[in-house]
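[1] Have a look; sequence and predicted model below, questions after that.
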Amino acid sequence: MPDSARRGVCLQAFASAVIWPYYHSAYRIRGWGRLPVPRGATLVIVNHQHDLDSTSTIMHLSLGGPLDSPAYATTGRRLFEPGFLGLQVFWAEPLLRRIDASKLFRALGMQPLENQIRSRRIHAFARAVYDLHGDMPLSSVFRAGSLDELGPDLERQPISFLFGGAIFRRAMKTEVRLKAVNEPYRSEMLAEMRDEVEHDLAGVAALLERGGTLYLTPEGVYTKTGRVGRFRAALARL
């Protein structure tokens, strides 16, 4: 087994041992059966209904064996951006909002897959421009009026203003369309997204080609009715 896979198995086993008992005491989780053991390349298709879908299902799959092979899960790219943990753990937000946990998530078997092409949280758009061009005025990045929901006179502030203080949580929760971003940054993001989508799909396809088990929510979004919605293009590719 490659060293990276061995580390993934150990980390998944540790996370399951710590989190699984809590999940079952705090929530009602039921599971029946398991995937074949041994098995070849396996694509697990799941309807996305709850924040706990991914972690609870992955732990159930992992504990069902084989124990020497990690189960992988596709997750939205926003999870791999700095600030994600700060939004999830509100009482530790000042400490976590600047942490990049992408390496930890990858080690746990999570694989990035872009699922927000037309709109994103304001924080995500701002972070993308910040990483490429530095701490520019928000008025240069966003069209007039695009930030009104966050507060007045924000256009005069630098991008980094969104990464701290009380404004951070609002910037992480408020979504805008891609057209709210000024040129040339909008075109840069479109080009980057095309490259990322192809790179992400090639990465998860390679996991299947190596005989791995991959968890996928092909709708790309949470179901609003409990029913299965339209599958996106990733399913046909995989």
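    Structure's in. What do you need? Predicted model only: the values in this text are computed from it and were never measured.
[2] Helix or strand for Leu67, just tell me which one.
    Using DSSP states H and E, Leu67 sits in no helix or strand.
[3] just the helices in this structure please.
    3-26, 53-63, 84-88, 93-96, 102-107, 122-133, 138-141, 167-173, 185-209, 233-237 (DSSP state H).
[4] wait, which of those is closest to Val44?
    Closest to Val44 of the helices of the chain, according to Cβ to Cβ: helix 53-63, at 6.8 Å. Every residue, glycine included, has its C-beta placed from N, CA and C.
[5] For stretch 95-103, buried residues please.
    Leu96, Arg97, Ala101, Ser102 (16 or more other Cβ atoms under 10 Å).
[6] What of stretch 107-122?
    Applying 16+ other Cβ under 10 Å to stretch 107-122 flags 107-116, 120-122 as buried.
[7] Would you format the residues you listed as a markdown table with distance to Val228 included?
    What follows is these, written out as a markdown table (distance: Cβ to Cβ, whole Å):
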| residue | distance to Val228 |
| --- | --- |
| Ala107 | 31 |
| Leu108 | 26 |
| Gly109 | 24 |
| Met110 | 23 |
| Gln111 | 22 |
| Pro112 | 23 |
| Leu113 | 18 |
| Glu114 | 21 |
| Asn115 | 16 |
| Gln116 | 20 |
| Arg120 | 25 |
| Arg121 | 26 |
| Ile122 | 31 |
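[8] Return the subset of those residues lying in strands.
    Within these, residues falling in strands by DSSP state E are Met110, Gln111, Pro112, Leu113, Arg120, Arg121.
[9] Need the buried residues of stretch 107-122 in CSV (columns: pLDDT and distance to Trp32).
    Shown next, in CSV, are the buried residues of stretch 107-122 (pLDDT from 0 to 100; distance: Cβ to Cβ, whole Å):
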residue, pLDDT, distance to Trp32
Ala107, 79, 29
Leu108, 79, 24
Gly109, 81, 22
Met110, 85, 25
Gln111, 87, 26
Pro112, 87, 30
Leu113, 84, 27
Glu114, 80, 33
Asn115, 76, 28
Gln116, 78, 33
Arg120, 90, 37
Arg121, 91, 36
Ile122, 93, 42
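[10] Show me which parts of stretch 191-207 are buried, residue by residue.
    Quick answer for stretch 191-207 (16+ other Cβ under 10 Å): Met193, Val197, Asp200, Leu201, Val204, Leu207.
[11] can you list contacts of that stretch?
    72, 74, 77, 111-114, 117, 128, 214, 216, 234, 237-238 (Cβ atoms under 8 Å, 6 or more residues apart in numbering).
[12] cool, stretch 170-186 as well?
    83, 86-87, 117-123, 125-126, 128-129, 132-133, 140-143, 146, 149-151, 162, 189-190.
[13] Let's see the ChimeraX selection covering just the buried ones among those.
    A single ChimeraX command selects the buried members of the contacts of stretch 170-186 (16+ other Cβ under 10 Å):
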select :83,86,87,120,121,122,123,125,126,128,129,141,142,143,146,150,162,189
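[14] Mean pLDDT per helix and strand in the chain: which one sits at the bottom?
    helix 3-26 (a mean of 75; mean pLDDT, DSSP states H and E).
[15] Need the CA coordinates for it. PDB is fine.
    These are the backbone C-alpha positions of helix 3-26, laid out as PDB (Å, rounded to 0.1, in the frame of the first residue of the first chain):
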ATOM      1  CA  ASP A   3       2.400   5.600   2.100                       C
ATOM      2  CA  SER A   4      -0.300   8.200   1.400                       C
ATOM      3  CA  ALA A   5      -3.000   5.500   1.400                       C
ATOM      4  CA  ARG A   6      -1.700   4.000   4.600                       C
ATOM      5  CA  ARG A   7      -1.800   7.400   6.300                       C
ATOM      6  CA  GLY A   8      -5.300   7.900   5.000                       C
ATOM      7  CA  VAL A   9      -6.400   4.600   6.400                       C
ATOM      8  CA  CYS A  10      -4.900   5.400   9.800                       C
ATOM      9  CA  LEU A  11      -6.400   8.900   9.900                       C
ATOM     10  CA  GLN A  12      -9.900   7.700   8.900                       C
ATOM     11  CA  ALA A  13      -9.700   5.000  11.500                       C
ATOM     12  CA  PHE A  14      -8.800   7.500  14.200                       C
ATOM     13  CA  ALA A  15     -11.500  10.000  13.100                       C
ATOM     14  CA  SER A  16     -14.100   7.200  13.100                       C
ATOM     15  CA  ALA A  17     -13.100   6.100  16.600                       C
ATOM     16  CA  VAL A  18     -13.400   9.600  17.900                       C
ATOM     17  CA  ILE A  19     -16.400  11.000  16.000                       C
ATOM     18  CA  TRP A  20     -18.600   7.900  15.400                       C
ATOM     19  CA  PRO A  21     -19.700   7.500  19.100                       C
ATOM     20  CA  TYR A  22     -20.600  11.200  19.300                       C
ATOM     21  CA  TYR A  23     -22.600  11.100  16.100                       C
ATOM     22  CA  HIS A  24     -24.600   8.100  17.300                       C
ATOM     23  CA  SER A  25     -25.300   9.700  20.700                       C
ATOM     24  CA  ALA A  26     -26.300  13.100  19.200                       C
END
